[in-house]
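Peer 1: dropping the sequence and predicted coords here.
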Amino acid sequence: MSGVFENKELFKSGHTACAGCAVATGFRHIMRAVGKDCVIVNATGCSEIFTSAYPKSAWEVPYVHCVFENAAPVAAGVVEALRAMGNDHTKVVVLAGDGASYDIGFGHLSGMLERGHDVLYISYDNEAYMNTGVQRSGATPWKAYTTTSQVGSKIRGKLQNKKPMTEIVAAHGIPYVASSTSAHYTDLEMKVKKALSIRGPKFLNVLCTCVPGWGTDPSLSIQYLKDAVDTHVWPLLEIENGYLKMNMKPEKKPVETYLKGQKRFKHLTPEDVSEIQKMVDERWEGWVWREKVDTERKKELGE
Amino acid sequence: MKPANGKPGTSMENKTGSWRTQMPVVDKEKCIKCGQCAMNCPDGCIFVTPNGAQPNYEYCKGCGICSQVCPVKCIKMVTEEK
């Protein structure tokens, strides 16, 4: 069998991700869009563990591993060194988890965006610290179970809301911010290619299922991401030069479609579900309203 | 001093197929060669050939995504006996 059906991609088979890992699926799509001429800067997290377990590597491209907090400054250093040497074509891409982007490396990410380095920062969001055994992060949604947001008689899951990272990054006024998922590969590849055609800092927020962390069946990893978009929990949007555009406005499914079957949400009461539905609807209406305002403003300014 | 890095693409030496308990079996008569399985596979180990989809069992971890995303349901997950 081997030799005939060889993996010819830049992100190889044989990595040690869990069966059904949507992060690995996402990386295949991202690498297909990025191409060979790149430097990958990978923050600590699941992806670093499963792709570069010494002495083996799943990468066919130059690859730097750095600690949780400094992926953004390392990428900034790499890109400035390349440009100083007269190389203005090699793309520098950061791949960092939600722990590294939303929490630990947040200040450094903000600094990199403010300084305006020519880097594409991709945050793969699986909504907790999965590689260390499922601890809550800033990306964990309200009421979700993790090992540090336990479910008991008084406290039932995470008490806080998910950090609105896409909007926070967009508030830096950078040229391109987008959100996507590993399951919507046409959308994801389009956004990576579009981002790389723009000079300056770019940010992409990619939702990925985590089989052990979410407590889902491995075969349903892709289905849950499709459901996240169809229930309006996760929008596919892009904010280009400050103008928001929704790439997909699916007919809304009830939020239960997405929540059911996930072990981290199995303790939810019907009241919790209706509260989540309300929150999801409010956020969705906000985006749709902002898209309308932005489209009108764009027309007025003739841009 | 040896540099602390792995050679590119050496993860191919890890034959992750040994993890598998469920094995995807393709009904090639029914397969429409759409490529959904190949696109969504986390391990990049199912390929579309002129005869239909073909998993590479050396790397397949048996997650079953291919079977789930298949629009004509031509991939069955079969419990493997070793």
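Peer 2: Nice, thanks for sending it over.

Peer 1: can you map out the strands along chain A?
Peer 2: A:38-43, A:63-66, A:91-97, A:119-125, A:176-181, A:202-207, A:237-240, A:243-246 (DSSP state E).

Peer 1: out of those, which comes closest to residue A:148?
Peer 2: Among the strands of chain A, the nearest to residue A:148 by Cβ to Cβ is strand A:91-97 (16.1 Å). No exception for glycine: its C-beta is placed from N, CA and C like everyone else's.

Peer 1: packing partners of the closest one?
Peer 2: Packing partners of strand A:91-97 (3 or more Cβ pairs under 8 Å, 6 or more residues apart in numbering or on different chains; DSSP states H and E): helix A:22-34, strand A:38-43, helix A:46-51, helix A:71-84, strand A:119-125.

Peer 1: now render the ones you listed as JSON lines, adding mean neighbour count, distance to residue A:62 and mean pLDDT.
Peer 2: Formatted as JSON lines, the helices and strands packed on strand A:91-97 follow (neighbours: other Cβ atoms under 10 Å in any protein chain shown; distance: least, Cβ to Cβ, whole Å; pLDDT from 0 to 100):
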{"stretch": "helix A:22-34", "mean neighbour count": "26", "distance to residue A:62": "12", "mean pLDDT": "96"}
{"stretch": "strand A:38-43", "mean neighbour count": "24", "distance to residue A:62": "5", "mean pLDDT": "96"}
{"stretch": "helix A:46-51", "mean neighbour count": "22", "distance to residue A:62": "13", "mean pLDDT": "93"}
{"stretch": "helix A:71-84", "mean neighbour count": "20", "distance to residue A:62": "9", "mean pLDDT": "97"}
{"stretch": "strand A:119-125", "mean neighbour count": "27", "distance to residue A:62": "14", "mean pLDDT": "97"}
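
Peer 1: export those to JSON lines and tack on distance to chain B?
Peer 2: What follows is the helices and strands packed on strand A:91-97, written out as JSON lines (distance: least, Cβ to the nearest Cβ, whole Å):
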{"stretch": "helix A:22-34", "distance to chain B": "4"}
{"stretch": "strand A:38-43", "distance to chain B": "11"}
{"stretch": "helix A:46-51", "distance to chain B": "7"}
{"stretch": "helix A:71-84", "distance to chain B": "15"}
{"stretch": "strand A:119-125", "distance to chain B": "12"}
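
Peer 1: quick check: residues of the stretch 101-250 of chain A near chain B?
Peer 2: Contacts of the stretch 101-250 of chain A with chain B, taken as Cβ under 8 Å from any Cβ of the partner chain, map to A:183, A:185, A:211, A:217-223.

Peer 1: chain B: which of the residues you listed is nearest?
Peer 2: residue A:219 (3.1 Å; Cβ to the nearest Cβ).

Peer 1: quick check: the closest one touching residue B:65?
Peer 2: Yes - counting by Cβ atoms under 8 Å, residue A:219 does reach residue B:65; the two are 5.7 Å apart.

Peer 1: now do the shared contacts for the two.
Peer 2: Here residue A:219 and residue B:65 have residue A:20 as joint contacts, going by Cβ atoms under 8 Å, 6 or more residues apart in numbering or on different chains.

Peer 1: so for those two, which residue has more residues nearby?
Peer 2: residue B:65 (30 against 21; other Cβ atoms under 10 Å in any protein chain shown).

Peer 1: my guess is that one meets residue A:216, correct?
Peer 2: No - contact criterion Cβ under 8 Å: residue B:65 and residue A:216 do not qualify, at 11.5 Å.

Peer 1: got the CA coordinates for stretch A:61-75 in CSV?
Peer 2: Extracted C-alpha coordinates of stretch A:61-75, given in CSV (Å, rounded to 0.1, in the frame of the first residue of the first chain):
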residue,chain,number,x,y,z
VAL,A,61,8.4,23.7,5.9
PRO,A,62,10.6,25.8,8.2
TYR,A,63,9.2,25.6,11.6
VAL,A,64,9.9,27.3,14.9
HIS,A,65,8.5,26.2,18.2
CYS,A,66,8.3,28.7,21.0
VAL,A,67,6.7,28.9,24.4
PHE,A,68,3.0,29.7,25.2
GLU,A,69,3.4,33.5,25.4
ASN,A,70,5.8,34.6,22.8
ALA,A,71,4.6,33.2,19.4
ALA,A,72,3.7,36.7,18.2
PRO,A,73,7.0,38.4,19.1
VAL,A,74,9.0,35.4,17.7
ALA,A,75,7.0,35.8,14.4
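
Peer 1: burial count for residue 52?
Peer 2: Here I'm looking at chain A. Neighbours of residue A:52 (other Cβ under 10 Å): 21.

Peer 1: that answer is for a different chain, and I need it for chain B
Peer 2: Counted with other Cβ under 10 Å, the neighbours of residue B:52 add up to 16.

Peer 1: surely it touches residue B:31?
Peer 2: Yes - look at residue B:52 against residue B:31 with Cβ under 8 Å: they come within range, at 3.6 Å.

Peer 1: mind listing the shared neighbours of those two?
Peer 2: Listed as contacting both residue B:52 and residue B:31 by Cβ under 8 Å, 6+ apart are residue B:74.

Peer 1: just to revisit the earlier point, determine which two of the residues of the stretch 101-250 of chain A next to chain B are furthest apart.
Peer 2: Of all pairs drawn from these, the widest gap by Cβ to Cβ lies between A:185 and A:217 and measures 20.7 Å.

Peer 1: the residue lying closest to residue A:180 once chain neighbours are set aside: what's it in contact with?
Peer 2: Setting aside the residues directly before and after it, residue A:180 is nearest to residue A:188 in space (Cβ to Cβ, 6 or more residues apart in numbering or on different chains), at 4.4 Å. Contact analysis of residue A:188 by Cβ under 8 Å, 6+ apart lists A:26, A:29-30, A:33, A:180-182, A:206.

Peer 1: circling back: now the helices and strands packed on strand A:91-97 as JSON lines including distance to residue A:11?
Peer 2: Shown next, in JSON lines, are these (distance: least, Cβ to Cβ, whole Å):
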{"stretch": "helix A:22-34", "distance to residue A:11": "4"}
{"stretch": "strand A:38-43", "distance to residue A:11": "9"}
{"stretch": "helix A:46-51", "distance to residue A:11": "8"}
{"stretch": "helix A:71-84", "distance to residue A:11": "18"}
{"stretch": "strand A:119-125", "distance to residue A:11": "13"}
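
Peer 1: alright, calling it a day.
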